[in-house]
Every structure is written in C-alpha cells, then in structure tokens.
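*Asks:* After the sequence you'll find the predicted model.
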Amino acid sequence: MIEVATPFDGDLPVLISVPHDGCHIPDDIRSRMTPAGLAVPDTDWHVAELYEFARDLGASMQIANYSRYVVDLNRAATDDVLYPGQLVTGLCPLSTFAGEDIYNEGEITEQEKAERISTYWRPYHERLTSTLAAMRAKHGYALLWDAHSIPSVVPRLFDGKLPALNIGTNSGKSCAAFIETAVCEAASASPYSTVLNDRFKGGYITRHYGNPDNHVHAVQLEIAQRTYMDEATTVFDAEKAGQLRATLRQLLEALLSAARAAY
C-alpha cells in the first residue's frame with residue numbers, strides 16, 4: 001500500500017496539513033521528466049521541519065510524501081481554477097513556477113490524471129476528512145492550519161517581493177472572524193511583514209474544509225522562504241528558523257486560545 005502521507009496524532013483540536021513538502025516521485029513518472037522537473041524546485045522546502053515544534057504542543061500533523069508534481073493536493077480533483085484571471089498551476093502541473101517544462105514530451109492523459117487522483121490525492125483527503133471529523137466529535141470544533149512556503153520572488157505568479165507571512169482565510173469564509181482576528185493580531189505583533197487575503201487567499205484545502213458554521217475553521221499560511229532558508233541553495237537556516245518558529249508558535253497559540261474562548 002502506498003503511504004501518501006506521514007501522520008502524527010496529537011491531543012489538541014489542531015491539525016497542521018503540509019501538502020507540498022513531499023519530494024518523492026514514482027519511477028514511472030520520474031522516467032518521463034526533464035532535469036528541471038526532477039529538481040522539484042517548487043517544493044515547500046523544510047516546512048514539516050519548521051513545524052516540528054507543534055507536535056510538542058499537542059497538534060496533529062499530516063505531511064505529504066509525494067511531490068506536488070505527481071498531484072497537487074491543494075487543488076480540487078476537478079482541477080477548478082483557484083484564482084481566476086491569474087496564472088495558476090493545476091492539479092498535475094506541466095511546468096514549473098519559472099515556466100520550465102516538467103516532462104520531456106506529451107501531456108498527462110485524463111486516465112493518468114484519474115489514476116493519480118485515486119492513488120495519491122484521495123487518500124490524503126480522506127485522512128484529512130476523518131481527522132477533522134474526529135476532532136470535532138471529541139472537542140466540539142476543529143482547527144485546520146494549512147502550512148506552505150514559497151520563494152519571495154516568483155515573477156510569473158505575483159509582482160514584486162512577497163511579504164513574509166501571507167495569511168489566507170478565503171476572504172473570511174474559511175474561519176470565524178474571531179479566529180482570523182486572533183491570528184492576524186499575533187502576526188502583526190511579530191517582527192515579520194504580514195498580509196491577509198492578498199495574493200494567497202487559501203487553496204483548495206482551506207476553502208474546502210473551512211466550514212465555520214459547522215465549527216471547522218481553516219487558515220492557510222504561506223511563508224516567504226527567505227525567513228528560514230537560503231532561497232538560492234534551499235539550505236535550511238537554523239538561526240532564522242528558530243526566530244520564525246517563535247512567531248509560528250504564537251500564531252498557533254492565538255488560534256487555539258481564540259477557539260477555546262469561543263467554545
């Protein structure tokens with residue numbers, strides 16, 4: 001059986017999803033890829049490592065094992081466009097963020113796409129669904145934190161230099177206002193530049209699972225990679241990461257405190 005994710009079960013009603021940290025590519029797909037694709041440059045490098053502290057807090061984690069080039073877990077299985085009018089990457093990307101081809105030749109057929117959805121996409125989402133349901137049954141509510149990172153400058157996707165912390169709540173639809181306020185206030189009190197619902201408003205995971213009327217609150221955080229690594233080499237910077245972890249801890253504690261106060 002293929003293990004699409006590495007899970008960790010905690011005691012708190014907090015689930016941290018890390019859908020883009022995986023680098024594994026099955027051999028049959030790898031054999032068709034270009035050097036640019038094989039380098040998996042669009043990986044959310046070291047995000048799982050960055051959030052390791054959350055396990056000690058009691059949060060659950062679900063970390064993808066496979067590259068987003070196999071299938072993007074933060075896109076709908078129907079491959080709906082997340083940001084109309086803007087350049088976006090699809091469910092099974094054919095080019096990198098820089099515009100380089102991922103495959104040597106040919107398209108991904110609808111049959112192959114369906115197989116990737118069945119093998120890699122669906123199991124990840126089935127576990128997200130069951131974990132959140134269990135949390136809600138036990139605690140009365142569930143908090144989903146979708147953890148991402150991206151280079152600070154990606155001209156094909158956005159203009160200029162990205163703020164350090166990019167919070168997405170699907171324009172306030174994926175979580176209650178008190179959750180959004182608590183997280184944003186904690187971020188604003190940090191030493192990092194912060195923006196809410198700007199270029200990154202939350203992908204499929206945030207939009208699909210966030211259901212505040214049903215007491216499931218989802219927040220996406222897209223972190224500019226300069227805050228914890230060398231973007232040119234993708235080497236993890238322990239000193240920078242330590243400083244960022246202090247802020248991430250404050251954000252998660254604000255998230256949980258706001259929910260506890262409300263419930």
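*Replies:* Received, thanks.

*Asks:* neighbours of residue 235, just the number please.
*Replies:* Residues lying near residue 235 (other C-beta atoms under 10 Å) number 11. Just so you know, the C-beta spots here come from the backbone N, C-alpha and C atoms, and that holds for glycine as well.

*Asks:* How about the one 10 residues further on?
*Replies:* By the other C-beta under 10 Å criterion, the neighbourhood of residue 245 contains 17 residues.

*Asks:* gap between it and residue 53?
*Replies:* Per C-beta to C-beta, to the nearest Å, residue 245 is found 6 Å from residue 53.

*Asks:* One more: residue 93?
*Replies:* As judged by C-beta to C-beta, residue 93 and residue 53 stand 31 Å apart.

*Asks:* Those two: which has the busier surroundings?
*Replies:* Neighbour comparison, residue 93 and residue 53: the larger count goes to residue 93, with 21 against 15 (by other C-beta under 10 Å).

*Asks:* surely residue 116 meets residue 71?
*Replies:* Yes. Between residue 116 and residue 71 there is a contact under C-beta atoms under 8 Å: 4.4 Å.

*Asks:* Mutual contacts of the two, please.
*Replies:* Common contacts of residue 116 and residue 71 (C-beta atoms under 8 Å, 6 or more residues apart in numbering): residue 92.

*Asks:* and those two? which has more neighbours close in?
*Replies:* Under the criterion of other C-beta under 10 Å, the comparison of residue 116 against residue 71 puts residue 71 first, with 27 against 21.

*Asks:* The more buried one should be in a strand, yeah?
*Replies:* No. Read with DSSP: H, G, I helix; E, B strand; the rest coil, residue 71 is coil and lies in no strand.

*Asks:* Just to check, it is in contact with residue 114?
*Replies:* No. Contact criterion C-beta under 8 Å: residue 71 and residue 114 do not qualify, at 10.6 Å.
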